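*Asks:* pasting a predicted model and its sequence here:
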Amino acid sequence: MTTRLVKHQKLTKRQIKEDPLVTAAFHGAAVWERHGSRILLGLGAVCLAGVLVFFVARTRARAEERATADVFRAEMLLQQQDLPTATQMLKEIVDNSPGTNAAKRAMQLLGDVYMAQGKPAEAVTWYRKYVARAGRDREAKLAGLHGLAAALEDRGDFIQAAANYGELVSLATTDGERGRTMLAQARCFGRAGQTQKAIEVYKAIQRLPDAEQDLLNAAGVGLGEMQATTPTR
């Protein structure tokens, strides 16, 4: 059995330069020599940013948990009719936990508390803050606009209340929901002395194809009342 010995062929400098792996290695070494410190700084910055994001997220989560627990305690106080203590606690949540969902919920509850106390002016302030924080949350926006419109109406700001009811009409998804809101809007127009606008809204309710009969009847009654107060020519 014979063994063939193969002599290792010595590579020339030209062949080394033409080898793609060797070329890449030399290129990488050159890049590292020129920019190594910058690369390390960049990697360090990325790592630091990741650590900061982690700690910020954890801090926010803890703040949300604490604020949510405080809102729950405030709601318990409201059920016990301890309105002064609940009001103070809710205001502290808004001040101490800005940006949390719990603070947003506290704003809505403050509007409800002031409405329950017969203080619509204060309720308007908090409902407006709540609506501003609602963002794309449709249910939150609906709840806030309902509270705001009712508070404005109680305060006697009927034109603005009608405008808010109009916004609710645009958000309605059924003729029943739309018709009930339009009744409130027409009522505000009537109380503001804008009889013609009230009449137009009542007539629009009657044209809703899927409105319940009680809504149509209410619109008919309201329309009759408005027309009775409109002077004939």
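*Replies:* Done, it's in.

*Asks:* so which elements touch whichever strand or helix holds residue 204?
*Replies:* Using DSSP states H and E, residue 204 maps to helix 195-206. On a contact count with 3 or more C-beta pairs under 8 Å, 6 or more residues apart in numbering; DSSP states H and E, helix 195-206 meets helix 175-191, helix 213-229. Glycine gets a C-beta too; all of them are placed from N, C-alpha and C.

*Asks:* can we see that at 10 Å?
*Replies:* helix 158-171, helix 175-191, helix 213-229 (3 or more C-beta pairs under 10 Å, 6 or more residues apart in numbering; DSSP states H and E).

*Asks:* just those: most buried one?
*Replies:* Comparing the helices and strands packed on helix 195-206 by mean neighbour count (mean count of other C-beta atoms under 10 Å), helix 175-191 comes out on top with a mean of 21.

*Asks:* packing partners of that one?
*Replies:* If you count contacts as 3+ C-beta pairs under 10 Å, 6+ apart, helix 175-191 packs onto helix 138-155, helix 158-171, helix 195-206, helix 213-229.

*Asks:* of all those, which one is nearest residue 68?
*Replies:* Closest approach to residue 68 among those is made by helix 138-155 (15.4 Å; C-beta to C-beta).

*Asks:* let's have the helices and strands packed on helix 195-206 in JSON lines, adding distance to residue 64 and mean pLDDT.
*Replies:* Formatted as JSON lines, those follow (distance: least, C-beta to C-beta, whole Å; pLDDT from 0 to 100):
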{"stretch": "helix 158-171", "distance to residue 64": "27", "mean pLDDT": "96"}
{"stretch": "helix 175-191", "distance to residue 64": "32", "mean pLDDT": "96"}
{"stretch": "helix 213-229", "distance to residue 64": "41", "mean pLDDT": "93"}
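
*Asks:* of all those, which one is nearest residue 88?
*Replies:* In terms of C-beta to C-beta, the element of the helices and strands packed on helix 195-206 nearest to residue 88 is helix 158-171, at 28.2 Å.
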